[in-house]
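S.K.: output the structure for:
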Amino acid sequence: MRLASLRLREGEKVRKTILIVCLLMLPVVFSMTGSGTVGDPYIITSVNDLQNIENDVNAYYELGSNIDASATSGWNGGTGFIPIGDSINKFSGQFDGKGYDITDLFMNNPSHDDYVALFEYVIFGSEIKNVGLVDVNITGLSYTGALVGSNNGTIHNSYVTGNVTGGDYTGGMVSWNERSGIVNNSYFSGNVTGLFIGGLVGRNYLTGMINNSFSIGYVNGDFAGGLVSSNDGIISVCFSNSDVIAISGGGGLASQNGEGGTIINCYATGDVNANSGGGLVFYNKGGDFQTPSYIINSYAVGNVSCSGGSCGGIYAVSPCWGYQNCFQDVFFDNQTTGQTGSYGRTTEEMKKQSTFTNWDFVDIWGIEEDVTYPLFGLVTEVYYCGQLGICTDNIMCLIISSLKYFIGMILCIQPIFWVILAGGIGLVILFGMKSLSEKF
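M.R.: Residues are numbered from 1 along each chain as shown. I've put the predicted structure just below:
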């Protein structure tokens, strides 16, 4: 019986109240196996199971198979999947994708009260790991991200591919990485469109951390960064190969490195086309009475073109005073970026280890002398190109290898490392970044 169909006579108000209370207290019925505990998590095997997480945001969950979420394009009058949790009922559990994918997740809710994402809010102590969102189509208002809207927990070994559209602080994976938020060993590949936007994260706030992660694709907005829009926290051992288009300020890695922000051991290879832009950042905070921002042991090689404002190989604008030492051992390729300045080096110099003084070429960086720019944890492995994709760029191409145990930045140099076999299958030497959780 629906509550709306109840018709009570005079004197039945007490009965009505009791009935409503009793109905609200009925336990939620799960179709998932398991009990939701750490030792016996709920096992998700369908997109309906995934949506039902909202009925118990404090439990432990695992994917038991790949999930086809294509039906969500027809859910809820065309708005699609409803974000899990809200500002009151925040996700405080654990979610382990176990290496499975969720494909074709659809959300189209630009009138939603911000934070459109699979998980709207994730609190400190929670963890989302080992999951892939493949071919997402996500549209929200401000603070939009495919996986998490507001993250105060840990996201580990996860990835997103597809299209994400929003307003302020929209990111391909996470909108707002809060002060306790950690994004580790993760990546986004696809297109991000909005106002203040980043390829992976919209804003990395205060003490938020992004480690061993990257973005590949296209980022188009007002203030746009290849990896993040704005960074006030720490970004380490990350790269972006996202091309950036910004109406106002664009950066190959970040639009703004805000007060107290640190970018260390990172690089950007994507092109930047903006009113004002920099190979790594558009704006780097500093100056008197300001906590300076730092960029350390990092480089940029993508082309930087500006339509009217300031332009630079590392940054476009920085009020940082010299004594604050905001830029330490940073470099850009003055041939490929099209920029000049004291941090610029020729392409030939950028491919020599001796250029990169004070860099750690034991545990973090590697380089193939005279062949590659510095890469993370250089290892050499051989794969069949047919299993990974085809390199079409005659300088380099980035392909993603297996993400269950290996986050790969695959460098394909033509024609030096192409070997065409009789059967037409190419072998290519891959310079990959091993999962750095093995190292740190």
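S.K.: mind listing what the helix or strand containing S236 pairs with, with the direction of each?
M.R.: Element membership for S236 (DSSP states H and E) is strand 234-251. The pairing partners recorded for strand 234-251 under DSSP bridges are strand 209-211 (parallel), strand 214-225 (parallel), strand 262-268 (parallel), strand 272-278 (parallel).
S.K.: would you agree Q51 falls within a helix?
M.R.: Yes. Under DSSP: H, G, I helix; E, B strand; the rest coil, Q51 sits within a helix.
S.K.: residue contacts, it?
M.R.: F81, I82, I84 (C-beta atoms under 8 Å, 6 or more residues apart in numbering). Any C-beta I mention is one placed from the backbone N, CA and C, and that applies to glycine too.
S.K.: can you flag which of those residues belong to strands?
M.R.: The strands, defined by DSSP state E, take in nothing from these.
S.K.: give me the domain ranges for this protein.
M.R.: Per the record, the chain has its domains at 35-348, 379-438, by automatic domain parsing.
S.K.: from these, which stretch is densest packed?
M.R.: When the domains of the chain are scored by mean count of other C-beta atoms under 10 Å, the highest mean neighbour count falls to domain 35-348 (a mean of 23).
S.K.: how far does it stretch from start to finish?
M.R.: 60 Å (C-alpha to C-alpha, to the nearest Å).
S.K.: for stretch 345-360, same thing?
M.R.: 19 Å.
S.K.: hang on, the earlier thing: which among the domains of the chain is found nearest to V362?
M.R.: Comparing these against V362 with C-beta to C-beta, the closest turns out to be domain 35-348 (12.7 Å).
S.K.: average pLDDT for the closest one?
M.R.: Averaged across domain 35-348, pLDDT comes to 96.
S.K.: gap between that domain and the chain center?
M.R.: Relative to its chain's centre, domain 35-348 lies at 4 Å (C-alpha atoms, centre = their mean, to the nearest Å).
S.K.: hang on, E178 packs against N152?
M.R.: Yes. Judged on C-beta atoms under 8 Å, E178 makes contact with N152 at a distance of 4.3 Å.
S.K.: contacts only, for the residue nearest to D333 when sequence neighbours are not counted.
M.R.: Nearest non-adjacent residue to D333, counting by C-beta to C-beta, 6 or more residues apart in numbering: V301, 4.3 Å away. Contacts for V301 (C-beta under 8 Å, 6+ apart) come out as Y267, A268, T269, G279, F332, D333, T336, T337, M350, Y373.
S.K.: report the beta-bridge partners for the first one.
M.R.: Meaning Y267. Bridge pairing for Y267 - DSSP bridges - gives F239, Y299.
S.K.: surely it and T372 touch.
M.R.: No. Counting by C-beta under 8 Å, Y267 sits too far from T372 to count as a contact (11.6 Å).
S.K.: distance-wise, check L280 relative to A59.
M.R.: 41 Å (C-beta to C-beta, to the nearest Å).
S.K.: wait, I meant G202
M.R.: In terms of C-beta to C-beta, G202 sits 28 Å off from A59.
S.K.: could I get the contacts of Q51 as CSV with distance to Q51?
M.R.: Output for these, formatted as CSV (distance: C-beta to C-beta, whole Å):
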residue, distance to Q51
F81, 7
I82, 7
I84, 8
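S.K.: contacts only, for the spatially most central residue of the chain.
M.R.: In the chain, the residue lying closest to the centroid (C-alpha atoms, centre = their mean) is L200, at 2.4 Å. Shown in contact with L200 (C-beta under 8 Å, 6+ apart): 171-174, 183, 186-188, 210, 213-215, 227-228, 240.
S.K.: again with V237
M.R.: V237 neighbours (C-beta under 8 Å, 6+ apart): N211, N212, I264, N265, C266, I364, F376, L436.
S.K.: first-to-last residue distance for stretch 160-175?
M.R.: End to end - C-alpha to C-alpha - stretch 160-175 spans 13 Å.
S.K.: kindly reformat the contacts of V237 as CSV containing distance to N297.
M.R.: Listed next are those as CSV, based on distance: C-beta to C-beta, whole Å:
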residue, distance to N297
N211, 15
N212, 15
I264, 6
N265, 5
C266, 8
I364, 8
F376, 12
L436, 15
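S.K.: tell me how far V304 lies from Y218.
M.R.: For V304 relative to Y218 (C-beta to C-beta), the value is 16 Å.
S.K.: my bad, K98
M.R.: From K98 to Y218 the distance is 30 Å (C-beta to C-beta).
S.K.: got it, and S87?
M.R.: From S87 to Y218 the distance is 31 Å (C-beta to C-beta).
S.K.: what do you get for S189?
M.R.: For S189, the distance to Y218 - C-beta to C-beta - is 10 Å.
S.K.: equivalent analysis for V317, please.
M.R.: Separation of V317 from Y218 (C-beta to C-beta): 24 Å.
S.K.: about what we covered before: can I get the domains of the chain in a markdown table with distance to D360?
M.R.: As requested, the domains of the chain are arranged in a markdown table below (distance: least, C-beta to C-beta, whole Å):
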| stretch | distance to D360 |
| --- | --- |
| domain 35-348 | 8 |
| domain 379-438 | 12 |
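S.K.: closest one to T355 among these?
M.R.: Among those, the nearest to T355 by C-beta to C-beta is domain 35-348 (5.8 Å).
S.K.: is it correct that F332 falls within a helix?
M.R.: No. The assignment for F332 by three-state DSSP gives strand, which leaves it out of any helix.
S.K.: which ones are touching it?
M.R.: Here F332 is in contact with G279, L280, Y299, A300, V301, G313, I314, Q339, G341, Y343, G344, R345 (C-beta under 8 Å, 6+ apart).
S.K.: need the nearest residue in space to A71, chain neighbours excluded.
M.R.: Per C-beta to C-beta, 6+ apart, closest to A71 is V47, 6.1 Å.
S.K.: identify the bridge partners of G225.
M.R.: G198, G251.
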